[in-house]
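1. Sequence and computational prediction follow.
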Amino acid sequence: MKLQQLRYIVEIRRQGLNVSEAAESLFTSQPGISKQVKLLEDELGVAIFERSGKRFTGVTEPGRTVLAIAERILGEAENLKRACADFSAGDSGRLVLAATHTQARYALPVVVRDFVARHPGVKLEMHQGSPTQIAEWVLAGDADIGIATEALDQYPQLITLPVRQWSHCVIVPAGHPVLRTQPLSLQELVKWPLITYDTAFTGRSRINRAFERIGVEPNVALTALDADVIKTYVSLGLGLGIISALAFDAQRDTGLVAIDAAHLFESNTTRLALRRGTYLRRHDYDLIELFAPHLTKRVVDMTLQGGGDAYQL
């Protein structure tokens, strides 16, 4: 039995049983993977995958057990490398942080600046994507830490820690008639075209639920992946914007006015995600605490050891 054989079967499942895509992902050949899977099955004495001709069509019952154990073995092998590198390399290495645009643009710049100053030998890479992409990157080991509001807590293979709660605001051009309607209501908002986040981003599900509760359909004229685009189109008079309050700066966003919408939409929780069972290096802990001072090494370790999302804001 070889670690590479275990990587093959885990990647085949991750690629939806598509051996060609697994081979491409692992920079090897389809026949080579198929041969190694068969050798592993012969050695173990069980079929891992169900077959129809040469195609894999499912995972057998013993295969599910084999895959679960293989994932743990591969995870521990990766942890062994990370732990040894942590001790031997000193303050160097590579840390990959995955975050949504809102977090990368508004919440992380100072954190990144302070981390780079404190750990000049660590290469920090930042990947931006949707919450679902971020979760998948962390699960696959392509990112060490994930930060988002949506989706992360829907993956049982991830440990998620709450970072902070935040609310939405409504942004309008200065002098807009809606500014005379106080307090702002959902009934008032449905009178205007709205510009807000794409359905998978930045608390959009809570915006939808608020209108559903009162039985009205908002006029969502445009959607975007980040607040900067939303603010641009609001400035052009194309509608009222609903964005994270974190993304509004009165000095920078001249010509726009923000109206607090905490009474209209449920609060949101930004979460930090780690893959279960991952060994955290010293600079991993440091970045986490820089971003969320309440998430000390002790708190993170207690959550990881407990195997669940025990910490609450």
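-> Structure received.
2. In contact with the closest residue to Ile48 other than its chain neighbours, which residues?
-> Of all residues not flanking Ile48 in the chain, Gly63 sits nearest, at 3.8 Å (C-beta to C-beta, 6 or more residues apart in numbering). (Glycine included, C-beta is placed from N, CA and C.) The contact partners of Gly63, taken as C-beta atoms under 8 Å, 6 or more residues apart in numbering, are 9, 46-50.
3. Among those, which ones are in strands?
-> Counted as lying in strands by DSSP state E, out of the contacts of Gly63, are 49-50.
4. Tell me the confidence at Ala89?
-> According to the prediction, Ala89 has pLDDT 63.
5. which residues in the stretch 151-300 of the chain form strands?
-> Assigned strands in the stretch 151-300 of the chain, in chain order: 158-166, 168-173, 194-197, 220-224, 240-244, 256-260, 268-275 (criterion: DSSP state E, counting those that start in this stretch).
6. These: which one's closest to Leu74?
-> strand 268-275 (11.4 Å; C-beta to C-beta).
7. Following the chain past the lowest-mean-pLDDT helix or strand in the chain, name the next helix or strand.
-> Taking mean pLDDT, DSSP states H and E as the measure, the chain has helix 61-88 as its least confident helix or strand, at a mean of 84. Moving toward the C-terminus from helix 61-88, the next helix or strand (DSSP states H and E) is strand 93-99.
8. for the next helix or strand after that next one, what is the average pLDDT?
-> Counting by DSSP H and E, the next helix or strand C-terminal to strand 93-99 is helix 101-102. Regarding helix 101-102, the rounded mean pLDDT is 88.
9. Kindly report the same for stretch 110-129.
-> 95.
10. ok, now stretch 260-272?
-> 93.
11. next one: stretch 3-10
-> 92.
12. Could you do stretch 142-160 as well?
-> 92.
13. end-to-end on it?
-> Using C-alpha to C-alpha, to the nearest Å, one end of stretch 142-160 lies 17 Å from the other.
14. That one: which residues count as buried?
-> Across stretch 142-160, burial judged by 16 or more other C-beta atoms under 10 Å covers 143-153, 155, 158-160.
15. With stretch 164-182 instead?
-> Applying 16+ other C-beta under 10 Å to stretch 164-182 flags 166-173, 176, 178 as buried.
16. Identify, from these, the entry nearest to Val300.
-> Trp166 (21.4 Å).
17. The closest one contacts Phe248, correct?
-> No - checked against C-beta atoms under 8 Å, the pair Trp166 and Phe248 is beyond contact range at 11.3 Å.
18. quick one on the thing from earlier: out of the contacts of Gly63, give me the one that has the most neighbours.
-> Ile9 (24 neighbours; other C-beta atoms under 10 Å).
19. who are the neighbours in contact with that one?
-> 37, 40, 48-49, 63, 66-67, 70.
20. Remind me which helix or strand Glu125 belongs to.
-> strand 122-128.
21. partners of that strand, with directions?
-> Strand 122-128 pairs in its sheet with strand 93-99 (parallel), by DSSP bridges.
22. what helix or strand is the spatially most central residue of the chain on?
-> In the chain, the C-alpha nearest the mean C-alpha coordinate belongs to Ile134, at 3.2 Å (C-alpha atoms, centre = their mean). Using DSSP H and E, the element containing Ile134 is helix 131-140.
23. Just want the angle from that helix to strand 122-128.
-> 140 degrees (axes from the mean of the first three to the mean of the last three C-alpha atoms, to 10 degrees).
24. packing partners for helix 131-140?
-> Other elements packing on helix 131-140 under the criterion 3 or more C-beta pairs under 8 Å, 6 or more residues apart in numbering; DSSP states H and E are strand 93-99, strand 145-148, strand 158-166, strand 268-275.
25. Flag every buried residue along it.
-> For helix 131-140, by 16+ other C-beta under 10 Å, it's 131, 133-139.
26. how about these, which pair is most distant?
-> Pro131 and Leu139 (12.6 Å).
27. ranges for the helices of the stretch 201-313 of the chain?
-> Taking DSSP state H, counting those that start in this stretch to define them, one finds helices in the stretch 201-313 of the chain at 204-213, 227-235, 282-291, 297-306.
28. So which elements touch the first one?
-> In this structure, helix 204-213 packs against strand 194-197, with contacts taken as 3+ C-beta pairs under 8 Å, 6+ apart.
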